[in-house]
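**Q** Using only what follows, build the 3D model:
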Amino acid sequence: MSGAGTLVGIFLDTCKTYARSDLFIRKTAEGWETLSSARARNDVEHLALALGGLGVGRGDRVALLSENRYEWPIADLAIMALGAATVPIYPTLTAEQCIRVISDSGARVLIVSTAAQFDKIHGVRGRLTQLQKIVYLDPIPERGAEDYGFRYLLERGAEMARAEPGALARMAGALGSDDLATIIYTSGTTGEPKGAMLTHGNIASNVWAGLQVMHITHQDRCLSFLPLCHIFERMAGLYAMLASGVSIAYAQSIDTVAQDAVDVRPTVLMGVPRFYEKVFARVMENARHQPPIRRAIFHWGLERGRRAARAHFARRRLGGLSALGARLGDRLVGSRVRDRVGGRLRFCISGGAPLDPKVLEFFFAVGIPIREGYGLTETSPVICLNPPGREKPGSVGPPLPGVEVRIGDEGEILTRGPHVMRGYYRNDEATRSALRDGWFHTGDIGHLDADGYLVITDRLKDLLVTAGGKKVAPQPIEASLKTRKWVNEAVLLGDRMPFVVALLVPNFALLETTAKARGWDHTRITELLTRDEVKAIYQGEIDRVNATLAPFEQIKKYALLERELSQEGGELTPTLKVRRRVVNEKFRSIIEALYAGGNGPGA
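**A** The predicted structure follows:
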């Protein structure tokens, strides 16, 4: 296969080279449906021609608001074939958040998936002055004159293709690796959306570099369930798979992955730490409910697997009874866990947030290796990836081929190479801050070990990345909380954790005055903070703020602190900014209680 320098070129190459009958697989009401590479190629060509007929052309931006489904890559490829840029939008974002992305990108056409997504945008359409047309994938009961159905556009494009044979090949031939492929919006520490501009060459270079490490072939099958609007799934779970001729099956939802895996029997999948953590927890919980003898067999077999995993990480071979025990343990435990995900899974890739080494060891123990990597939206995204057979728990692996990494001031991780974005769309200030002296500044802190593996130790920026890989900018949410009369200070936490929590410093003066007026008896502040009436006040404030946020940003639990944060205590800087790391350390027990479901103050 040629080293295609554009994403459309990668797609056309795989259609020609592999001509699969099952390039894509999806679940319908009738069961699992396979869609051939010829069908996909025709759909891309027809949609591109129809979108071109609606006025989409080179340099335009088209927003794509959809869950994972077959039409997602078809729309993405059709947009890019025209020389336009795809602007993906998370389907979980609120209408207000969608407005910011659509408006900032200047998208004139929006593609939405369902009636619910259509209604979300329709309600704010009057504020989207640049938006001219909406294309809907599912049937919409009521639509405007400038709205078009996906099926109608495919039919219209098919008619145009008959009059213009070879149109898609000509479109692809006009594309260059320096052409803009996509603008992906990511919230920075200020919470303002920043559109990372990635070219075809950026993403394609990451595809080819990643495939030198991932070892994927056309005999593989990928189960895709991470959001395609995230660059990790889009690059690794779509374009790297297409480049290798892999069959891609779309899970019905994150909740159906286990059953979907049994049905489609994947050999590879991409996941974020939270997914692997949930699988680990589910397996261990199931073992706890087994009869004593079966439970004992499970733990014996798993321990044999763990010993084999530790030997693998230490680069030593098991011999004699240890090797025999590992094989028996795999038969008793590992094979049964693998059967629950289809029985053919060769390996998984983890990204988006750090993976707990304990969870990594478990998956190796049951015969499902996980290769942990690291990257950002701005780097297309992979910077580093653990190579097969040479994985190191606690590290994210060495840089990909062609990717440079060095450690800058304050231990910040810097990178340069063909994977680094062009810049932020219409945001020169942010671009200058991120791209300096030819290097992209990641905002993460780490070091390269003696073997050249990158170890991430901290974050320079305050952006929270949950265990599910979702990025949450805490400052705007904290600012919203602090505008409430009952709240003096608010600190959001949740980096590497399954959800966001908040520590709140109450307005003690107002609280005491209210308690006195309402007869809330107490002798200490601790007693006041644990009263149901007080909890109701603060839960109400949390609920009002949560109503403005996307689900992954919402505060799931909170605690009320018994004192103010201070400079003297180290929690505040001289300019009264919160030192999040210090707060994490000072109030560790309260935070742990929130995540453990314990009875921390106000929990």
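**Q** mind checking the longest helix of this protein?
**A** helix 292-313 (DSSP state H).
**Q** What helices and strands are in contact with that one?
**A** helix 273-288, helix 320-329, helix 357-365 (3 or more Cβ pairs under 8 Å, 6 or more residues apart in numbering; DSSP states H and E). C-beta: built from backbone N, CA, C; applies to glycine.
**Q** Now for the residue nearest to residue 355 when sequence neighbours are not counted, how many residues are close by?
**A** Nearest residue to residue 355 in three dimensions, chain neighbours excluded: residue 273, at 4.5 Å (Cβ to Cβ, 6 or more residues apart in numbering). Applying other Cβ atoms under 10 Å, we find 25 residues neighbouring residue 273.
**Q** pLDDT value on residue 273, please?
**A** Here the pLDDT value assigned to residue 273 is 86.
**Q** Dead centre of this protein: give me the residue that sits there.
**A** The chain has residue 469 as the residue nearest its centroid, 4.5 Å off, counting by Cα atoms, centre = their mean.
**Q** Touching, the residue nearest to residue 355 and residue 358? I think so.
**A** No. Counting by Cβ atoms under 8 Å, residue 358 is not a contact partner of residue 273; they are 11.3 Å apart.
**Q** for the residue nearest to residue 233 when sequence neighbours are not counted, what are its contacts?
**A** In this structure, residue 233 finds its nearest non-sequential neighbour in residue 226, 3.8 Å apart by Cβ to Cβ, 6+ apart. Contacts for residue 226 (Cβ atoms under 8 Å, 6 or more residues apart in numbering) come out as 68, 232, 233, 237, 270, 271, 272, 469.
**Q** Check residue 491 too.
**A** So residue 491 contacts 474, 478, 502, 503, 565, 578, 580, 583 (Cβ under 8 Å, 6+ apart).
**Q** Run the chain-centre distance for whichever strand in the chain runs longest.
**A** The longest strand of the chain (DSSP state E) is strand 439-448. Distance of strand 439-448 from the chain centroid (Cα atoms, centre = their mean, to the nearest Å) equals 20 Å.
**Q** How about stretch 240-252?
**A** 17 Å.
**Q** Could you list the alpha-carbon positions for that stretch in CSV?
**A** C-alpha atoms of stretch 240-252 as CSV (Å, rounded to 0.1, in the frame of the first residue of the first chain):
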residue,chain,number,x,y,z
ALA,A,240,-5.0,3.6,11.2
MET,A,241,-7.5,0.8,10.8
LEU,A,242,-8.4,1.9,7.3
ALA,A,243,-4.7,2.1,6.4
SER,A,244,-4.2,-1.5,7.5
GLY,A,245,-7.4,-2.8,5.8
VAL,A,246,-9.0,-3.6,9.1
SER,A,247,-12.7,-4.3,9.5
ILE,A,248,-14.3,-1.7,11.8
ALA,A,249,-17.4,-2.6,13.9
TYR,A,250,-19.3,0.2,15.7
ALA,A,251,-20.5,-0.6,19.2
GLN,A,252,-24.1,0.3,19.9
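**Q** and for it, what are the contacting residues?
**A** 1, 4, 10-11, 13-14, 17-18, 20, 22-27, 32, 68-70, 207-208, 210-211, 214, 216-218, 220-225, 237-238, 257, 260, 264, 266, 268.
**Q** And for stretch 528-538?
**A** Residues contacting stretch 528-538 (Cβ under 8 Å, 6+ apart): 486-487, 504, 506, 511-512, 515, 518, 520, 522, 558, 560, 562, 601-602.
**Q** same thing but 10 Å
**A** When contacts are defined by Cβ atoms under 10 Å, 6 or more residues apart in numbering, stretch 528-538 is touched by residues 481, 484, 486-487, 502, 504, 506, 508, 510-512, 514-515, 518, 520-522, 524, 527, 539, 558-562, 599, 601-603.
**Q** Output that stretch in PDB, but only the C-alpha positions, please.
**A** The C-alpha trace of stretch 528-538 is given here as PDB (Å, rounded to 0.1, in the frame of the first residue of the first chain):
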ATOM      1  CA  LEU A 528     -23.500  23.000  61.300                       C
ATOM      2  CA  LEU A 529     -22.000  21.700  58.100                       C
ATOM      3  CA  THR A 530     -23.500  18.300  58.600                       C
ATOM      4  CA  ARG A 531     -27.100  19.500  59.000                       C
ATOM      5  CA  ASP A 532     -29.500  18.400  56.300                       C
ATOM      6  CA  GLU A 533     -30.700  22.000  55.800                       C
ATOM      7  CA  VAL A 534     -27.100  23.100  55.000                       C
ATOM      8  CA  LYS A 535     -26.500  20.200  52.700                       C
ATOM      9  CA  ALA A 536     -29.700  21.000  50.800                       C
ATOM     10  CA  ILE A 537     -28.500  24.600  50.300                       C
ATOM     11  CA  TYR A 538     -25.200  23.500  48.800                       C
END
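**Q** How far off centre is that stretch?
**A** Per Cα atoms, centre = their mean, the centroid offset for stretch 528-538 relative to its chain is 36 Å.
**Q** Average pLDDT for that stretch, rounded please.
**A** Computed over stretch 528-538, the average pLDDT equals 94.
**Q** Pull out the buried residues from it.
**A** For stretch 528-538, the neighbour count (16 or more other Cβ atoms under 10 Å) marks 528, 529, 530, 534, 535, 537, 538 as buried.
**Q** Please apply the same query to stretch 383-403.
**A** Neighbour count says stretch 383-403 has 383-387, 391-393, 395-400, 403 buried, by 16+ other Cβ under 10 Å.
**Q** again, but for stretch 535-550
**A** 535, 537, 538, 541, 542, 545, 546, 549, 550.
**Q** how far does that stretch sit from the chain's center?
**A** 25 Å.
**Q** Count the residues that sit near residue 480.
**A** 17.
**Q** so the helix or strand containing residue 257 versus helix 273-288, what angle?
**A** Per DSSP states H and E: residue 257 is located in helix 257-264. Orientation check (axes from the mean of the first three to the mean of the last three Cα atoms, to 10 degrees): helix 257-264 against helix 273-288 gives 90 degrees.
**Q** before we move on, back to that, touching, the residue nearest to residue 355 and residue 352? I think so.
**A** Yes. Taking contacts as Cβ atoms under 10 Å, residue 273 lies within contact range of residue 352: 7.0 Å.
**Q** Overlap in contacts, the two.
**A** Common neighbours of residue 273 and residue 352 (Cβ under 10 Å, 6+ apart) are 465, 466, 467, 468, 469.
**Q** so what's the third one closest to, chain neighbours aside?
**A** So that's residue 467. residue 274 (3.8 Å).
**Q** got it, and the second one?
**A** Nearest residue to residue 466, sequence neighbours excluded (Cβ to Cβ, 6+ apart): residue 494, at 5.5 Å.
**Q** What is the burial count for that neighbour?
**A** Using other Cβ under 10 Å: residue 494 sits among 24 other residues.
**Q** wouldn't it be in contact with residue 464 here?
**A** Yes. The pair residue 494 / residue 464 is scored as a contact, 4.8 Å apart, by Cβ under 10 Å.
**Q** Overlap in contacts, these two.
**A** With Cβ under 10 Å, 6+ apart, residue 494 and residue 464 have common neighbours 470, 472, 474, 500, 553.
**Q** pLDDT averaged over stretch 347-357, what's the number?
**A** Rounded mean pLDDT across stretch 347-357 is 89.
**Q** gap between the two ends of it?
**A** Length of stretch 347-357, first residue to last, Cα to Cα, to the nearest Å: 16 Å.
**Q** Flag the shaky bits of the protein, pLDDT-wise.
**A** Applying pLDDT under 70 to the chain flags the ranges 1-3, 187-192, 573-577, 597-603.
**Q** Could you chop it up by domain?
**A** 38-176, 473-596 (automatic domain parsing).
**Q** Report the distance from the last one to the chain centre.
**A** Going back to what we said before, that points to domain 473-596. On the basis of Cα atoms, centre = their mean, domain 473-596 sits 27 Å off its chain's mean C-alpha point.
**Q** All the helices of the stretch 101-250 of the chain, residue numbers only.
**A** Listed in chain order, the helices of the stretch 101-250 of the chain (DSSP state H, counting those that start in this stretch) span 115-122, 150-163, 167-173, 200-214, 231-232, 240-243.
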